[in-house]
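>>> Provided below are the primary sequence and the corresponding predicted coordinates.
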Amino acid sequence: VQLQASGGGLVQAGGSLRLSCSASGRTFSSYVMGWFRQVAGKEREFVALINSNGDTTYYASSVKDRFTISRDNAKNTVYLQMNSLKPEDTAVYYCSASRIYSVTPNRYDYWGQGTLVTVSS
């Protein structure tokens, strides 16, 4: 599976962005999809995940009620809608695919290239 993330950019605090992650391959619908983020010098941090058929999601406490993960298996795409953005949300955001329902980065087999989100105060 090859993943391509897009949609990052510069936004003011309180604003919104929608990230997209397009996947190649015919097995996209069998994977759990996750979003992680990373700030330079820090470990990669779990943000959200969605199970293979899209009926179960899980969020980090820091983004719960502000971010929404969704997927369209017909389009091989997973999304992260980010609302009420805060400066501390600034990071490179990565999409990832796993066979396992997990919040741990090393349980994910495939990673996109990352897209930068910058939230100004």
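Cool, the structure landed. What you see is a predicted model; the values in this text were computed from it and never measured. Numbering: from 1, shown residues only.

>>> is Q81 in a helix, a strand, or coil?
strand (DSSP: H, G, I helix; E, B strand; the rest coil).

>>> residues near it, how many?
15 (other C-beta atoms under 10 Å). C-betas here are computed from N, CA, C, even on glycine.

>>> give me the neighbour count for I100.
10.

>>> and the gap between it and W35?
Per C-beta to C-beta, to the nearest Å, I100 is found 16 Å from W35.

>>> G34 reaches Y93, doesn't it?
No - using C-beta atoms under 8 Å, G34 is not in contact with Y93; the gap is 10.8 Å.

>>> quickly list what's touching both of the two.
Both G34 and Y93 are in contact with V47, where contact means C-beta atoms under 8 Å, 6 or more residues apart in numbering.

>>> neighbour count winner among those two?
A count of neighbours by other C-beta under 10 Å puts G34 above the other of G34 and Y93, at 28 against 23.

>>> what about stretch 105-120, distance to the chain center?
Mean-position distance between stretch 105-120 and its chain equals 7 Å (C-alpha atoms, centre = their mean, to the nearest Å).

>>> what do you get for stretch 100-112?
11 Å.

>>> can you mark which positions in it are buried?
103, 105, 108, 110-112 (16 or more other C-beta atoms under 10 Å).

>>> give me the pLDDT for the residue most central in space within the chain.
The centroid of the chain falls nearest to W35 when counting by C-alpha atoms, centre = their mean (2.4 Å). Note on W35: pLDDT of 98.

>>> again, but for V1
89.

>>> wait, G15 sits on V119?
Yes - using C-beta under 8 Å, G15 is in contact with V119, at 7.5 Å.

>>> so for the two, which residue has more residues nearby?
Neighbour count, other C-beta under 10 Å: between G15 and V119, V119 has more, with 20 against 14.

>>> what helix or strand is that one on?
strand 115-120 (DSSP states H and E).

>>> go through that strand and flag the buried ones.
Judged by neighbour count (16+ other C-beta under 10 Å), strand 115-120 contains these buried residues: 115, 117, 119.
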